[in-house]
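In: sequence unknown, structure follows:
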């Protein structure tokens with residue numbers, strides 16, 4: 001059950017800004033917050049039981065800035081995306097760029113703090129990422145989570161144009177990975193049990209598509225690579241069988 005609720009428009013603290021939201025993506029994890037009885041607050045993350053505005057893929061324009069936010073960090077009218085985790089900024093994980101692993105507690109917009117499924121959203125100025133003028137707000141919202149996650153994964157595994165990569169799961173993150181890997185000139189084998197998603201994967205640049213419910217995924221990948229297997233595999237499905245197959249196919 002969904003309902004529209006009214007909230008007081010936020011005001012920024014000294015080191016915060018208020019965004020006018022122009023696009024807010026719906027992530028698969030948002031459904032986990034909608035489905036429990038009582039919504040996100042029912043997860044026990046806020047602690048006080050009050051309703052929480054969902055949404056952690058925000059993109060918009062800075063509408064108001066706090067008293068200690070300098071002009072280099074944000075100005076009214078700036079087009080921005082948001083990194084939706086806020087840590088303490090001082091622990092080992094935060095200073096190394098992994099604020100989502102903050103040792104002293106992390107705010108997750110849309111779960112432990114109000115998110116972006118609203119007209120306005122208050123965030124720390126330190127979480128802002130500039131949105132280039134050539135990118136739309138919808139594109140920025142996608143980059144804020146799903147597409148950015150896929151790009152980060154491909155960078156970490158060091159994908160190159162010499163590689164064949166098997167990408168399990170062709171939801172928003174998997175399709176983003178397929179599109180990005182194809183743009184990197186890698187050979188992409190995309191896997192999903194949804195025919196519609198496999199069609200989309202082809203449109204996004206996959207050279208081969210496989211349905212693991214119809215084929216032995218590992219054997220099919222080996223058949224497509226002269227028995228060698230893929231150089232790399234990426235699981236974007238969270239299905240245990242896909243995780244196992246992604247290990248076995250390389």
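Out: Arrived safely. Since this is a predicted model, take the numbers as computed values, not measurements.
In: Where do the helices of the protein begin and end?
Out: With DSSP state H, the ranges of helices along the chain come out as 28-34, 92-95, 137-142, 148-157, 172-183, 195-203, 217-224, 240-248.
In: With residue 71 as the reference, name the closest of those.
Out: Evaluated with C-beta to C-beta, the helices of the chain place helix 137-142 nearest to residue 71, the distance being 21.1 Å. Bear in mind the C-beta positions are built from the backbone N, C-alpha and C, glycine included.
In: Now find how far off-centre that closest one is within its chain.
Out: Between the mean C-alpha location of helix 137-142 and the chain-wide mean there is a distance of 11 Å, by C-alpha atoms, centre = their mean, to the nearest Å.
In: ok, and for that helix, which residues are buried?
Out: 137, 139-142 (16 or more other C-beta atoms under 10 Å).
In: still on that earlier bit, point out the most buried one among the helices of the chain.
Out: Greatest average neighbour count among those goes to helix 172-183 (a mean of 23), per mean count of other C-beta atoms under 10 Å.
In: per-residue confidence averaged over that one?
Out: Mean pLDDT, helix 172-183: 96.
In: give me every residue that touches residue 166.
Out: 189, 191, 217, 221, 230, 232-234, 246, 249-250 (C-beta atoms under 8 Å, 6 or more residues apart in numbering).
In: How about the contacts made by the closest residue to residue 186 other than its chain neighbours?
Out: Using C-beta to C-beta, 6 or more residues apart in numbering and skipping residues adjacent in sequence, the residue nearest residue 186 is residue 163, 4.9 Å away. By C-beta under 8 Å, 6+ apart, the contact set of residue 163 is 186-187, 230-232.
In: mind checking how far the residue most central in space within the chain is from residue 97?
Out: Closest to where the C-alpha atoms of the chain average out (C-alpha atoms, centre = their mean) is residue 145, at 2.1 Å. Using C-beta to C-beta, to the nearest Å, residue 145 is found at 16 Å from residue 97.
In: and residue 13, how many neighbours?
Out: Per other C-beta atoms under 10 Å, the neighbour tally for residue 13 reads 14.
In: Do I have it right that it meets residue 66?
Out: Yes - look at residue 13 against residue 66 with C-beta atoms under 8 Å: they come within range, at 5.4 Å.
In: how near is the residue nearest to residue 186 to residue 139?
Out: Counting by C-beta to C-beta, the gap from residue 163 to residue 139 is 26 Å.
In: show me what contacts the residue nearest to residue 65 when sequence neighbours are not counted?
Out: For residue 65, ignoring the flanking residues on the chain, the nearest one in space by C-beta to C-beta, 6+ apart is residue 17 at 5.0 Å. Residues counted as contacts of residue 17 (C-beta under 8 Å, 6+ apart) are 62-66, 69, 74, 122-125, 128.
In: ok, and the most crowded of the residues you listed?
Out: Counting by other C-beta under 10 Å, top hit in these: residue 123 with 28 neighbours.
In: Tell me which residues touch that one, please.
Out: Per C-beta under 8 Å, 6+ apart, neighbours of residue 123: 16-17, 19, 58, 82, 86, 109.
In: same deal with residue 171?
Out: Per C-beta under 8 Å, 6+ apart, neighbours of residue 171: 28, 192, 197, 236-237.
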